[in-house]
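please find the sequence and the predicted model below.
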Amino acid sequence: MMTEAPVKLFNSSARSKWLRLRTLILLRWLAIVGQLAAIIIANRVLEVSLRLDLCAAALGVSASFNIVTTVIFPANNRLSERGAMLTLMFDLFQLAFLVSLTGGLSNPFVILMLSPVIISATALTIRATVVVGMVFLSLISLLVRFYIPLTTFSGELIKLPDLLIYGTWAALVTSGVFLASYAHRVTEETFSMSEALTATQLALGREQRLTALGGVIAAAAHELGTPLATIKLVAAELADELGDSPHLYNDAKLIGTQADRCRDILRDMGRSGKDDTHLHHTPVSAAVEEAAAPHMDRGKMIIIRVAGTVQPNIIPDQPEILRRAEIIHGLRNLVQNAVDFAAARVWIDIDWDDKELRIHIGDDGMGYPSDLIGKIGDPFVRKRKEKQRSQSTRPEYEGMGLGLFIAKTLLERSGARLTFANGSEVPRKRSRPPSGPPELARATGAIVEVVWRRSDIEAMQSIVRGPLGENIKHKH
């Protein structure tokens, strides 16, 4: 009895890449507005003496960080684990500096320092959360001793007793550990449930296909039953009549034996089906051809180039990749988008080195709108209808985004990195002949680059390649 190896639907770091930079930027703007309001109210209404110059510097650094990141990075940029951790640590240091200027642990707003820890516990791995938590613990420990006490304009000192200061420190440490553990556990449960639901959907789809295949096999076995029985009957009669001729007698018995074997094979396949290990992995060019096949006859020329040639059969050492549904469907969506907006041709280039496998999908259309290229990959990205009708060659498209969002999500689930650009922005490695054949041309419109680490996508070399064996029983 054999069972299928479990398929890991997500990389270990997949969840950490769900956090968008834009989300942290918006939260930081809200924090800046709240901090500014608290400083103004404390100074103007409550008449608390503050170092307004240093407070303004702290707010200015936070605002400058927001402005710089907004200008440098696209709006839909998703942070890596390291990037998200460093961003949250910046927020911790900014909050700690501001709290040190406004009374230290005597300031009730010190509780806001828990926010980066909770976000880390929710969006990042346990290792990153421990690092952020240790920084949080170090900063609040320093705030016990190093801070500027609050005083009123009349010179009255506002200070809590030491017992309450240490109690606040203990409460912050306890709250940080408890809330971070609670948030991380709940998020892990939600993540695991999402993974389980996805696996269930994939298993259901596979089961439906196997059921349909089993129905076809059962129908074939039923239809072939009578001819096979007739062959066996005639073979038996011939064997009886050819008893005096040993060679002809053995041939007649062989026909009957093979008819029985055909019946057994059909019956066996009808019960369980066969598991063809060849279908679990495929050369990368074959996977791309399968993804592009539904769009080959849509009036646009699709040119597939493997290592620079349009004859993939002459490339003997192509990487063999895991044939996973999300890879095929994701590439198919990208090809569909290219065919939809191409003028006449779509180019699919496959290349690789020792570490990475790269697929470029480009067309000769008008390219991505410059005002939306930073948002590609978000669902339901839309332009103004008037502007879109004037720029798009397909006016029935009132917006784009859902198909690319699905493709981006599915491919990133397999470990891919996607980059969207226009042909005019990509450096040319070779010049395009002005009137040469399309096989030597390059995309001038929209281009999508899909990059995998070969260790993430390549089929294991230990897979046994051979003919179909006995039926593989599956435990359910």
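Noted; the coordinates are in hand.

can you list contacts of stretch 284-292?
Stretch 284-292 has contacts (Cβ atoms under 8 Å, 6 or more residues apart in numbering) with 282, 302, 304, 306, 312, 315, 318-321, 323, 327-329, 331-332, 335, 348, 350, 352, 357, 359. Every residue, glycine included, has its C-beta placed from N, CA and C.

may I see the buried residues of that stretch?
284-285, 287-289, 291-292 (16 or more other Cβ atoms under 10 Å).

pull the contacting residues for the nearest residue to V144 once chain neighbours are set aside.
The shortest distance from V144 to any residue other than its chain neighbours is 5.7 Å, reached at W169 (Cβ to Cβ, 6 or more residues apart in numbering). Counting by Cβ under 8 Å, 6+ apart, W169 makes contact with 105, 140-141, 144.

return the residues in contact with G299.
G299 makes no contacts at all, as judged by Cβ under 8 Å, 6+ apart.

where does it land in three-state SS?
coil (DSSP: H, G, I helix; E, B strand; the rest coil).

now do the residue positioned nearest the centre of the chain against A291, distance only.
By Cα atoms, centre = their mean, the chain has its centre lying nearest to E412, at 2.2 Å. Using Cβ to Cβ, to the nearest Å, E412 is found at 16 Å from A291.

what do you get for L92?
45 Å.

likewise L248?
Separation of L248 from A291 (Cβ to Cβ): 54 Å.

what packs against the strand or helix carrying I359?
Using DSSP states H and E, I359 falls within strand 356-363. Strand 356-363 is packed against helix 284-292, helix 325-341, strand 345-352, strand 446-453, helix 454-457, with contacts defined by 3 or more Cβ pairs under 8 Å, 6 or more residues apart in numbering; DSSP states H and E.

can you point out the buried residues in the fourth one?
With burial defined by 16+ other Cβ under 10 Å, the residues of strand 446-453 counted as buried are 446-452.

tabulate those in TSV, adding columns for distance to V33 and pLDDT.
Listed next are the buried residues of strand 446-453 as TSV, based on distance: Cβ to Cβ, whole Å; pLDDT from 0 to 100:
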residue	distance to V33	pLDDT
A446	38	89
I447	40	91
V448	38	92
E449	39	92
V450	40	93
V451	39	94
W452	42	92
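
filter the contacts of W169 down to the buried ones, PyMOL style.
One line in PyMOL is enough to select the buried members of these, burial here meaning 16+ other Cβ under 10 Å:
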select buried, resi 105+140
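
would you turn the contacts of W169 into JSON lines with distance to T187?
Output for these, formatted as JSON lines (distance: Cβ to Cβ, whole Å):
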{"residue": "L105", "distance to T187": "29"}
{"residue": "I140", "distance to T187": "24"}
{"residue": "S141", "distance to T187": "27"}
{"residue": "V144", "distance to T187": "31"}
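
domains for this protein, by residue range?
For the chain, automatic domain parsing gives the domain ranges 15-159, 201-275, 280-457.

these: which one's closest to E188?
domain 15-159 (8.7 Å; Cβ to Cβ).

what about the helices in the stretch 351-476 of the chain?
Here the stretch 351-476 of the chain has its helices, by DSSP state H, counting those that start in this stretch, at 385-391, 402-413, 454-457.

and the ones you listed, which one is worst for confidence?
Note on these: lowest mean pLDDT is at helix 385-391, with a mean of 43.

can you tell me the closest non-neighbouring residue to G103?
Leaving aside its sequence neighbours, G103 sits nearest to L150 (Cβ to Cβ, 6+ apart; 4.2 Å).

got the phi/psi numbers for the one you found?
phi -80, psi 140 (degrees, to the nearest 10).

residues in contact with it?
Applying Cβ under 8 Å, 6+ apart, the residues near L150 are 48-50, 102-103, 106-107, 157-159.

filter the residues you listed down to the buried ones.
For these, a neighbour count by 16+ other Cβ under 10 Å gives the buried set as 48-50, 102-103, 106-107.

show me those that map onto helices.
Using DSSP state H, no member of the buried ones among the contacts of L150 sits in helices.

could those go into TSV alongside distance to L86 and pLDDT?
Converted to TSV, the buried ones among the contacts of L150 look like this (distance: Cβ to Cβ, whole Å; pLDDT from 0 to 100):
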residue	distance to L86	pLDDT
V48	33	88
S49	34	88
L50	29	88
T102	25	91
G103	28	89
S106	29	89
N107	25	89
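
ok, the residue nearest to the centre of the chain touching F405?
No: with contact defined as Cβ atoms under 8 Å, E412 does not reach F405; the gap is 10.6 Å.

from F420, how far out is F90?
To F420, F90 is 28 Å away according to Cβ to Cβ.

oh sorry, the question was meant for T69
The spacing between T69 and F420, counted by Cβ to Cβ, is 20 Å.

pLDDT wise, what is the residue nearest to V144 at?
Model confidence at W169, given as pLDDT, is 94.

now the element after the strand or helix carrying I165, going C-ward?
Using DSSP H and E, I165 sits within helix 162-241. Using DSSP H and E, the helix or strand that directly follows helix 162-241 along the chain is helix 246-272.

so which bits of that next one are buried?
By neighbour count with 16+ other Cβ under 10 Å, helix 246-272 contains the buried residues 249, 252, 255-256, 259, 262-263, 266, 269-270.
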